[in-house]
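Asker: Show me how the following folds:
(2 chains)
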Amino acid sequence: MEENINQWKRWCTGTRDVLLFLLPLLFLAVFFYFPLVSILNEGLTDESGRFTLRHIAAVLTDRYSIRVILFTVEQAFISTAASVLLGLPGAYILARYDFRGKSIVRAATTVPFVLPSIIVVLGFVIFFGNNGLLNRALMAALPLDEPPLRILYSMKAIILAHTFYNFPICIRLVSAVWSRVNPNLEKAATSLGARRLRLFWHVLLPQISPGILAAAALIFIYCFTSFAIILVLGGGPRYTTLEVAIYRYAKVSLDLKAASALAIVESVLSVIFMYAYIKFQKRVSFAQQVHLRYEKKPLGTMLRSPAGVLAVLYLIITFLLIIAPMVSAVGYSFLKRSGWAGRTSFSFEWYRRLITELSTSAFAVSYRASIRNSLFFGALTVALSLPLGTSIAYLTTRKRFPGRGLLESFAMLPLGISSIILGLGYIKAYQSLPVDITGSWYAIAFAHTVIAYPFVLRAATSVFRKINPRLIQAALSLGATPWRTFFRVELPIIKSGLIAGATFAFAISIGEINATLMLYNPQFTTIPIAIYRLISSYNFYAAAALGTVLMGICFAVFLLIDKIGFEVS
Amino acid sequence: MSVQLENITKRYPDFFIDVDFSAAKGEIVTLLGPSGCGKTTTLHIIAGFIPPDTGKIFLNGQDVTALPPHGRRVGLVFQDYALFPNMNVYRNIAFGPRMQGWSNKQITRRVKELLSLIRLPGSEQRSVTELSGGEQQRIALARALAPNPELLLLDEPLSALDARLRKQLRSEIKRIQRELELTTIYVTHDQEEALAISDRVVVMQNGHIEQAGTSFDIYHRPKTRFVAEFVGITNMLAARVSGMKGRFVRLESLEGRFLAGFDGALESGQEVTLLVRPEKCTLNNENTGGNRVRGKITECEYLGDSTVISLVLKQALFRVKLFGPLSCRVGEEVQVSFLPEDCWLLKS
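Answerer: Numbers count the residues shown, from 1 in each chain, chains lettered A, B, ... in the order given. Coordinates of the predicted model:
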């Protein structure tokens, strides 16, 4: 009897682990790997289904494609360099100075991770646009008849938007590394005669360079796969990147062969960049084992020196740069123009429409429906990615089995594949099946889940690793069953990490526009897509109102993540 | 080179440093005190990292208070070594000479010379991260010595190492210091290390100097209760001066009458504390003409080469350290004897 029960228990544990193993794998296989393989298949076979490199070769020799590839790399490279250069002084200030409001500045550096790209686009158009706040202010101040700054729809716009979006990443990553540099190294070098530049070059730079490289690699990946910013701010074939080109092939010219071939090229490149980032990131964590910290200097006393004044100026200007576009978007949401040439006036019109609007016609953008859809997809994404990420994290941190490392890499690969390509994969994969899932609500939800769950996985992995295994042993030795140990001991400890991961997944889903745009049908318009369409029809005030709602949601998410203290990078 | 700190003060919101001491040429002086007493800050003031609020620092009679760290010809060794992790052994040691603009030939010769001085010849190309703690500490010493400093500052250089290695490196540092006749300031919180390595010891507490003197003086002639308690175990008995007997002071206390040696002036009736080191006491020895006191054994702690016996006298606690084999029973009544010349007094 006893023996039977034990056997049954063992069988249950075994079954549980197998289920934990199989369900996530099944999900990833169907909704990530199958679409991916479909793209490979489409891009690497000819009409009769035989393997061929013809499409890839065509893409790599076609003048248009070559220009797109080169432009993608070029704009990502310039944007990255600009972001790193703008971010480095901030990293130094955060690492070496203490001042009032520092926690706010530090928190503001999380903005790029949480803020949807469409908001950046919106704020940018409203602030820097030809008819934007900056131009209007300059025209009023200098008396000019023409807007002096023509930034929009050019390389400048792309670089500027990418820089403002991404330089806080550099501040965040590099200041973390910089403040961990052993201050005694600097003292030792100074006492041995190294000063200023030589001190920085020989001693400091080698310590912080892994951090700089990691930040640069991450920013490069973001700029390389950036979509909405290029789509709106670039405009025209001259400023087209791989992502936008794939989108146009798939949705406009309906050439899935070319789209797939480009997607393969882009994925190979982005996986290489991802690999570089992971390499650099490992070197950063290796450099983290010093416990001494810099003695922080109060910024107030530094105001007496020129360097300190520069630091304060830098902080104020960059803070404004992050905040101004968003604030102007909020300001715009309370404005309204009567007729095409009418005067702009203060109005709650757009917010009233959010509440009272009744029409849900497919042509006019329905504000309320878009908010409802976004919240729905966000909730669904959380509901799906939480168990998915947690079970994989549990397996890879707790269980030893052959191929564990492989499972980890398989599970993290969605991070290296752009969401435009994921959308393309869905289109391709389910085109031939009897049920076409593109345009359905669940396709969008599954795509969001695939995009967002790696963050849950990462958060869960880090909290699982943090638990002292002795605690579990203690609970088991005190007579708790494994399940009760999980619910009574482990869950309370990992709870905050899981909440942070889930919140982050929610933020990603709610801001997602790339895959959504690939898969969407007007019935399931989300906030970012509604904003995109309103910007396209030059209704900036209404776009600003929806943008304000989205910012509000993201701000709440940001506060929650900041409170829990989840490391987003 | 000689060092002199003249009325150096430095005020922090919650801390005040006030030091005044000197080291003669070729001397090794220890700053000894508990953590947070201001030793390292004092060292950093000498090195030039922290400007003092008042006072002057003289190196070889020259006022260097306003000079930056690299202008002082001071070598510095850190507790955590602070070796540059991005450079190998050679480049770490060569760093100072390179900054001074030495020629490559000179640098190579200097590194070789130092590696043989620290007894790690041939390890130029090794990575500093793969060295053991003791090796890293020796490389850190070589790096500090490379540009021929006139003053060597060591900040708890051995505290990250295990006890055996600590003793070995301690005599190594002493040997190198002697060989180079290098004036050295050595910061430590380990009293045994301080006594073993120093020509003179400066005991610090709370940012000020409690006592400066030779190791013998610090151990046997403490001037304050803090020094007596911090440097080794000491028995302390409250007593009152009742007169003189020859060159000894006559004392009365709850535990009995004692005689004690003392150099300073005392008045009859003055309250004092009688100090005697545990290892200067004997048990049940009828032959000494010295002080005697009875007590009951409460604990016997066998340390291998010696035994520490804790006792209760009438009221006071007392400890005796005896060398060689002996039998010790808890609860036994014994007589403790110690000589007047082994006693010392603290004025209350």
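Asker: Tell me the helices and strands packed up against the lowest-mean-pLDDT helix or strand in chain B.
Answerer: Averaged element by element with mean pLDDT, DSSP states H and E, chain B has its least confident helix or strand at strand B:282-283 (a mean of 86). Helices and strands in packing contact with strand B:282-283 are listed as strand B:317-323, strand B:333-338; criterion 3 or more Cβ pairs under 8 Å, 6 or more residues apart in numbering or on different chains; DSSP states H and E. In short, each C-beta sits where N, CA and C put it, glycine included.
Asker: Next secondary structure element downstream of it?
Answerer: Beyond strand B:282-283 on the C-terminal side, the first helix or strand identified by DSSP states H and E is strand B:291-302.
Asker: immediately after that following strand, which helix or strand?
Answerer: Going down the chain from strand B:291-302, the next helix or strand is strand B:306-312, by DSSP H and E.
Asker: any idea where the helices of the stretch 101-250 of chain B begin and end?
Answerer: With DSSP state H, counting those that start in this stretch as the definition, the stretch 101-250 of chain B shows helices at residue ranges B:104-117, B:133-145, B:163-180, B:191-197, B:215-220, B:225-230.
Asker: One more: the stretch 1-150 of chain A?
Answerer: With DSSP H, counting those that start in this stretch as the criterion, the stretch 1-150 of chain A has helices spanning A:2-28, A:34-44, A:54-61, A:63-96, A:102-108, A:111-114, A:117-128, A:133-141.
Asker: buried residues in the helix or strand just after the last one?
Answerer: Counting by DSSP H and E, the element after helix A:133-141 in chain order, helix or strand, is helix A:155-178. Of the residues in helix A:155-178, those with enough neighbours to count as buried (16 or more other Cβ atoms under 10 Å in any protein chain shown) are A:155, A:157-178.
Asker: So which elements touch helix A:155-178?
Answerer: Helix A:155-178 packs on helix A:63-96, helix A:102-108, helix A:111-114, helix A:117-128, helix A:205-224, helix A:228-229, helix A:306-332, going by 3+ Cβ pairs under 8 Å, 6+ apart.
Asker: ok, 10 Å please
Answerer: In terms of contacts (3 or more Cβ pairs under 10 Å, 6 or more residues apart in numbering or on different chains; DSSP states H and E), helix A:155-178 is packed against helix A:63-96, helix A:102-108, helix A:111-114, helix A:117-128, helix A:205-224, helix A:228-229, helix A:256-286, helix A:306-332.
Asker: quick one: the last one to helix A:117-128, angle?
Answerer: Right, the one you point to is helix A:306-332. Angle, helix A:306-332 to helix A:117-128, by axes from the mean of the first three to the mean of the last three Cα atoms, to 10 degrees: 100 degrees.
Asker: So what touches the next helix or strand after helix A:306-332?
Answerer: Counting by DSSP H and E, the next helix or strand C-terminal to helix A:306-332 is strand A:335-337. The set of residues external to strand A:335-337 that reach it, using Cβ atoms under 10 Å, 6 or more residues apart in numbering or on different chains, is A:342-350, A:539-542, A:544-545.
Asker: and stretch A:303-315, is it in reach of chain B?
Answerer: No: for stretch A:303-315 and chain B, the contact criterion (Cβ under 10 Å from any Cβ of the partner chain) is not met; the two come no nearer than 14.4 Å.
Asker: Can you give me the buried ones in that stretch?
Answerer: Residues of stretch A:303-315 classed as buried: A:Gly308, A:Ala311, A:Val312, A:Leu315 (neighbour count, 16+ other Cβ under 10 Å).
Asker: Pull the most distant pair out of those.
Answerer: A:Gly308 and A:Leu315 (10.7 Å; Cβ to Cβ).
Asker: Using just helix, strand and coil, how would you label B:Leu345?
Answerer: For B:Leu345, the assignment made with DSSP: H, G, I helix; E, B strand; the rest coil gives strand.
Asker: beta partners for it?
Answerer: Partner residues in beta bridges with B:Leu345, using DSSP bridges, are B:Leu274.
Asker: That one - how many residues pack around it?
Answerer: For B:Leu345, the count of nearby residues is 21 (other Cβ atoms under 10 Å in any protein chain shown).
Asker: ok, now which ones touch it?
Answerer: Contacts for B:Leu345 (Cβ under 10 Å, 6+ apart) come out as B:221, B:239, B:241, B:249, B:251, B:260-264, B:266, B:270, B:272-275.
Asker: Buried members of those residues into PyMOL, please.
Answerer: Only the buried members of those end up in this PyMOL selection, burial being decided by 16+ other Cβ under 10 Å:
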select buried, chain B and resi 221+239+241+249+251+260+261+262+272+273+274+275
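Asker: Return the subset of the contacts of B:Leu345 lying in strands.
Answerer: Residues of the contacts of B:Leu345 located in strands (DSSP state E): B:Ala239, B:Val241, B:Val249, B:Leu251, B:Ala260, B:Gly261, B:Val272, B:Thr273, B:Leu274, B:Leu275.
Asker: Dump the residues you listed into CSV; add pLDDT as well.
Answerer: Formatted as CSV, the ones in strands among the contacts of B:Leu345 follow (pLDDT from 0 to 100):
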residue, pLDDT
B:Ala239, 92
B:Val241, 92
B:Val249, 91
B:Leu251, 92
B:Ala260, 90
B:Gly261, 86
B:Val272, 92
B:Thr273, 92
B:Leu274, 92
B:Leu275, 92
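Asker: Can you tell me which of these is closest to chain A?
Answerer: The shortest gap between chain A and any of the ones in strands among the contacts of B:Leu345 belongs to B:Leu275, at 38.6 Å (Cβ to the nearest Cβ).
Asker: tell me the contacts of the closest one?
Answerer: B:Leu275 is in contact with B:220-222, B:225, B:228-229, B:234-237, B:260, B:342-346, counting by Cβ under 10 Å, 6+ apart.
Asker: roughly how far apart are it and B:Thr234?
Answerer: In this view, B:Leu275 and B:Thr234 are 5 Å apart by Cβ to Cβ, to the nearest Å.
Asker: Name the residues contacting each of these two.
Answerer: Shared contacts of B:Leu275 and B:Thr234, counting by Cβ under 10 Å, 6+ apart, come down to B:Pro222, B:Arg225, B:Ala228, B:Trp344, B:Leu346.
Asker: give me the number of residues near the last one?
Answerer: What it means is B:Leu346. Using other Cβ under 10 Å as the criterion, B:Leu346 is surrounded by 18 other residues.
Asker: and stretch B:324-336, how far apart are its ends?
Answerer: End-to-end distance for stretch B:324-336, by Cα to Cα, to the nearest Å: 17 Å.
Asker: out of the contacts of B:Leu275, which are buried?
Answerer: Applying the neighbour count, that is 16+ other Cβ under 10 Å, the buried entries in the contacts of B:Leu275 are B:220-222, B:225, B:228, B:234-237, B:260, B:342-346.
Asker: Which members of those are the farthest-apart pair?
Answerer: When those are compared pair by pair using Cβ to Cβ, the two farthest from each other are B:Arg225 and B:Asp342, 18.5 Å apart.
Asker: low-confidence ranges in the chain?
Answerer: All of this is about chain A. Counting by pLDDT under 70, chain A shows low-confidence ranges at A:1-13, A:235, A:285-296, A:302, A:338-343, A:355-365, A:434-436, A:565-569.
Asker: I was thinking of chain B, sorry if that wasn't clear
Answerer: Judged by pLDDT under 70, the stretches of chain B that qualify are B:286-289.
Asker: can you list the domains in it?
Answerer: The record's domain split for chain B, according to automatic domain parsing, is B:3-229, B:233-347.
Asker: Just say which of those domains is most tucked in.
Answerer: For the domains of chain B, average neighbour numbers computed from mean count of other Cβ atoms under 10 Å in any protein chain shown are highest in domain B:3-229, which has a mean of 19.
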